[in-house]
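1. Next input, structure requested:
(chains A and B)
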Amino acid sequence: MKPVNRREFFSLNAGIGCGCALLPQATQNDPNRGAMGPLGAADLYPLGSNFRITNIKTFGVTLPTPEQADRPYVFVKIETNQGVYGWGEGTLEGKAAATIHCIEDFKEFLIGADPMPVEHHWQSMYVHSFYRAGPVIGSAIAAIDQALWDIRGKILKQPVYKLLGGPYDPAGVRGYYHVRANTPEQMREVRAKAKELGVTAIKGGIPGYYEWIETHATISRAVKHVETLRVNLGEEIDIGIDFHAKTSTAVASILCREMEPFKLLFIEEPCPPENVKAMQRIAQRTKVPIATGERLVASYNCRELVELGIVDIIQTDINHCGGITALWKIGALCDASGVKVAPHACEGPIGGIASIHVDAAMPNFLVQEICSGVEPGVKEKIWEEWFGFPAMRMVNGKYPLPTKPGLGFDLDERLVAKYKFEGTRPMARVFHRDGSVAAW
Amino acid sequence: MKITAIEAFTLREPGSSRTYSLLKVSTDQGLTGWGECLPLPPASLALVRSAAIGQEPSRYDVLTRQLAGEPVAAALNMALLDLYGQESKAPVFQILGGPTRFKVRAITPLPRPQDREALLAQGHRAFLVPVTLPATITSRPALVAQIAGQFAALRQASAENVDFAPDGQALLPSAEAADLAVALEPFHPLWFDRPTREPNDEVLARIAAESTTPLGLGHQLNEFAPVQNYLRAGICDILRLSIQRLGITPLRRAAAIAETYYTAVAPHHSGGPIATAAALHLAASLPNFFVQEVPAVLNRETRQFRDDLAGVPVENVKEGYFSLSSQPGLGLKINESLVRRIAQ
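-> As a prediction, the model looks like this:
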């Protein structure tokens, strides 16, 4: 007798329990029913395309830039039997190798399958992973999902934002750069450059690390820092301030309240994301719009924040939340409650470009991040070398919409492979003065 | 591809009392798209023309959104997706990321108990059964027992593969609705549709708390956003938003919200075959879809009209399921001369 695996064991017991036949008729007749892998999608083939996924290549990419040390990019290239291929990104800061391996774990879900039914593949990866998804599985699904949308767009000869019913603004997608300035003089230079570029929003942070309760000096320094930003960037630029979840509920409540006079666009991640009621406590004590979401995976994990009216802005990241499919659904969830979407993007350019497509198709889109300054650096030059255009650089304050089918770029894998994977790098490890673990 | 002309037609279906409006959207490339909605007020045509003429059908979501709350928005949404699918040579469900299934479960109203055999012969296996209040004064226990008795009889007379969903039609008083929800539990109805009037969340919450019978709500909504309240309040197990009132994309947004509550949609439909086709494409693009309602057509003249109008057999049901077409757009071959002949 052939050994019974766990899944069959449960089916057998279920069959006995309800007094029906041991296995449903269909299972007996059709060896594909219930099978793992692309065979599970075989019933959908008559309604699908003649394209089949033939290969899934993963790329770990370490750029020679010090500020990107903790985030070697994770790219995926999905190839088909008809020469059409798609690119996606699943860069997960500090966990590059884990994400690469997780993408490879999904190979048997996809090799041999039709690339078109992306919702089917998304559901299969999420549901059949059993544990649903945390950041590693979420980022792996994100990479595959983006690549499938790239393929879908190329097959249908349409840019992805059109498949989603957009664009809401044909001129492009509003964005912001990071301030990257410490002195009033530098801030005024950013202001001048932003004005020249038509950039209408800038994001900054608060200095240092924060203990559970903070001192007069630390609180005053943080408030003064943001005040200096507002004074030197001027009233015409929207300013977002990222607390980066390094503040406790108690400290964030004080800081948010005291920053109200600076008329911020939002305060981001005032505390870590696991405890929705803790964030609610902060939100209830301030008038500043609260933004969060870069660490959240899938629409399921955004529900409570929206349902309870805690956030004004959701910032899920297309590289972690589950790609284009998931980001669009999060947008829909937020839309019913008047909550805006301002996707996080601090990884590579593929996710950034994928995000632009969804942004362009959301009525409740606010602004798109990219971790760049007003002046392009080494990283941005490499991106331009890859794509042949200045990827994720704004024109008149907006990222232009790609016009080509799919995600809208051609990327030669040899250009990517030039930057070899130098292994996972941990994210910054920081400590308080007494040696205890701090958040940054 | 640009939209060049839009026409509207209001039809009264031969042999039935149904009335619906159709929208025909023409383009500079000779393609035409069709959509359906509730009967349109005359002012709608000017509104939709000024919003959509000169635009690209691919901006289907943007243009639908501009007309949100107007009955014509649903028809425009379907027609634009029909056009965009034809332009891309893809069925609408494929534009939207599907298919997620290869056939679509069907449910139809059971106008009278004696219609069951005819509808079973048409391939139906699931029925929405109207709950009717007696004309004479009846004690509350007797009333509930009487209605529950009707379901017990239906259940007993039917094969195991036939299912029922009682439709309260929003007519029952709250207490009777709550009692009935409990009384129906042994018969495993698919769900209890419109158990009482919406949208008093507190009354519905009491019914939901007292019974495990799933509750279906949302027929009357003209926008998708209120589903957030139904779901947050824990009063809805299946969303019954109307395809004819909302169109495809707004229903997709409602479904995306429902997914986070582990809840499905079962779109309401009491109109014509074009909206049925639109609903099937929607169903084939959603992960959290359960069943599609289609009107019960028992009259031969009406059946013939609906099939002739669509030009393809959209509404054929076999063993309780619709099949899906992989033809581009909505996959219809609208008989335009028939439309013009019947239009009021």
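2. ok, the nearest residue to A:Thr316 once chain neighbours are set aside - contacts?
-> Nearest residue to A:Thr316, sequence neighbours excluded (C-beta to C-beta, 6 or more residues apart in numbering or on different chains): A:Gly293, at 4.3 Å. Glycine gets a C-beta too; all of them are placed from N, C-alpha and C. By C-beta atoms under 8 Å, 6 or more residues apart in numbering or on different chains, the residues touching A:Gly293 are A:273, A:302, A:305, A:311, A:314-317, A:321, A:330, A:344.
3. three-state assignment of the residue in chain B that chain A sits nearest to?
-> Closest residue of chain B to chain A, C-beta to the nearest C-beta: B:Asp61 (2.6 Å). Three states are possible here, and by DSSP: H, G, I helix; E, B strand; the rest coil the one that applies to B:Asp61 is helix.
4. How about the residues of the stretch 201-350 of chain A by chain B?
-> A:299-300, A:302-303, A:306-307, A:325, A:328-329, A:332-333, A:335-337 (C-beta under 8 Å from any C-beta of the partner chain).
5. rewinding a little: tell me the one of the contacts of A:Gly293 nearest B:Arg341?
-> Here the nearest of those to B:Arg341, counting by C-beta to C-beta, is A:Ile330; it sits at 47.2 Å.
6. thinking again about what came up before, what would the residues of the stretch 201-350 of chain A next to chain B look like in CSV with neighbour count, pLDDT and distance to B:Ala121?
-> As requested, those are exported to CSV (neighbours: other C-beta atoms under 10 Å in any protein chain shown; pLDDT from 0 to 100; distance: C-beta to C-beta, whole Å):
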residue, neighbour count, pLDDT, distance to B:Ala121
A:Ser299, 26, 98, 42
A:Tyr300, 20, 97, 42
A:Cys302, 28, 98, 47
A:Arg303, 21, 97, 44
A:Val306, 24, 97, 47
A:Glu307, 19, 95, 46
A:Thr325, 28, 98, 40
A:Trp328, 25, 98, 42
A:Lys329, 26, 98, 40
A:Ala332, 25, 98, 40
A:Leu333, 26, 98, 43
A:Asp335, 24, 98, 44
A:Ala336, 22, 97, 42
A:Ser337, 20, 97, 46
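7. Now intersect these with the helices, please.
-> Counting by DSSP state H, these place A:303, A:306-307, A:325, A:328-329, A:332-333, A:335 in helices.
8. count of neighbours near A:Glu274?
-> As a burial measure, A:Glu274 scores 10 neighbours (other C-beta atoms under 10 Å in any protein chain shown).
9. Ramachandran angles for it?
-> Note on A:Glu274: its backbone torsions stand at phi -70, psi -30 [degrees, to the nearest 10].
10. counting contacts, what elements does the lowest-mean-pLDDT helix or strand in chain B pack onto?
-> Across the helices and strands of chain B, mean confidence by mean pLDDT, DSSP states H and E is lowest for helix B:140-157: a mean of 93. Applying 3 or more C-beta pairs under 8 Å, 6 or more residues apart in numbering or on different chains; DSSP states H and E, we find helix B:140-157 packed against strand B:126-130, strand B:163-167, helix B:174-183.
11. out of those, deepest packed?
-> strand B:163-167 (a mean of 24; mean count of other C-beta atoms under 10 Å in any protein chain shown).
12. tell me the angle it makes with helix B:140-157.
-> 150 degrees (axes from the mean of the first three to the mean of the last three C-alpha atoms, to 10 degrees).
13. Can you list the helices and strands that strand B:163-167 packs against?
-> By 3+ C-beta pairs under 8 Å, 6+ apart, strand B:163-167 packs against strand B:126-130, helix B:140-157, strand B:192-193.
14. One more pass at 6 Å, please.
-> strand B:126-130, strand B:192-193 (3 or more C-beta pairs under 6 Å, 6 or more residues apart in numbering or on different chains; DSSP states H and E).
15. what does the longest one contact?
-> Which is strand B:126-130. Strand B:126-130 is contacted by residues B:107, B:109-110, B:163-167, B:169 when judged by C-beta atoms under 6 Å, 6 or more residues apart in numbering or on different chains.
16. host element of residue 104?
-> Assuming you mean chain A. Using DSSP states H and E, A:Glu104 maps to helix A:96-105.
17. switch to chain B, that's the one I care about
-> Using DSSP H and E, B:Val104 maps to strand B:103-109.
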